[in-house]
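> Kindly return the folded structure for what I paste below:
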Amino acid sequence: MGTTPIKVIQTYKGDTAPDLTFNITREDNSIVNLTGATVAFIIQDPLTKLSTNDPSGGKTNLCTVTNPTGGVCVYTWNVGGTDTPDTGFYPCDIVINYPNNTVEHYSLTLSVANTLVS
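A predicted model of the protein is given here:
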């Protein structure tokens, strides 16, 4: 099970580019095979514990798997995707749902900063 943080991603409040590309590997550096899997990128507000990109709010948290056997997927930001209530660090999960109904999670952190220019 993948519980080691992948990395910290730096972005700015209101950014919707570039897309995030994930090369998913396990702790032993083996590539995660995403063939037939669905992959979601979930951003959690640290105060409310709610997802900031919750599909029920009309947003999508699904990634596009671009190289299944290479473990590569891409997340395209929603409009307002980093319109978080505040700047700071947001815990995130990459959740992989495999065709055999098993699930695997990988953690990372999203760092959202204010821009110097508005």
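> what's next to the helix or strand of the chain with the lowest mean pLDDT, contact-wise?
Ranked by mean pLDDT, DSSP states H and E, the helix or strand of the chain with the weakest confidence is strand 8-12, at a mean of 79. Outside strand 8-12, the residues that touch it by Cβ atoms under 8 Å, 6 or more residues apart in numbering are Leu20, Thr82, Phe89, Cys92, Leu108, Thr109, Leu110, Ser111, Val112, Ala113, Asn114, Thr115. Using the backbone N, CA and C atoms, a C-beta is placed for each residue, glycine as well.
> Okay, and which of these map to strands?
Leu20, Phe89, Cys92, Leu108, Thr109, Leu110, Ser111, Val112, Ala113 (DSSP state E).
> are any of those buried, and which?
Buried by 16 or more other Cβ atoms under 10 Å: Leu20, Cys92, Leu108, Leu110, Val112, out of these.
> need the contact list for the first one.
What it means is Leu20. Leu20 neighbours (Cβ under 8 Å, 6+ apart): Ile9, Phe41, Val74, Tyr75, Trp77.
> Scan the residues you listed and report the most crowded one.
Among those, Phe41 has the most neighbours (other Cβ atoms under 10 Å), with 24 neighbours.
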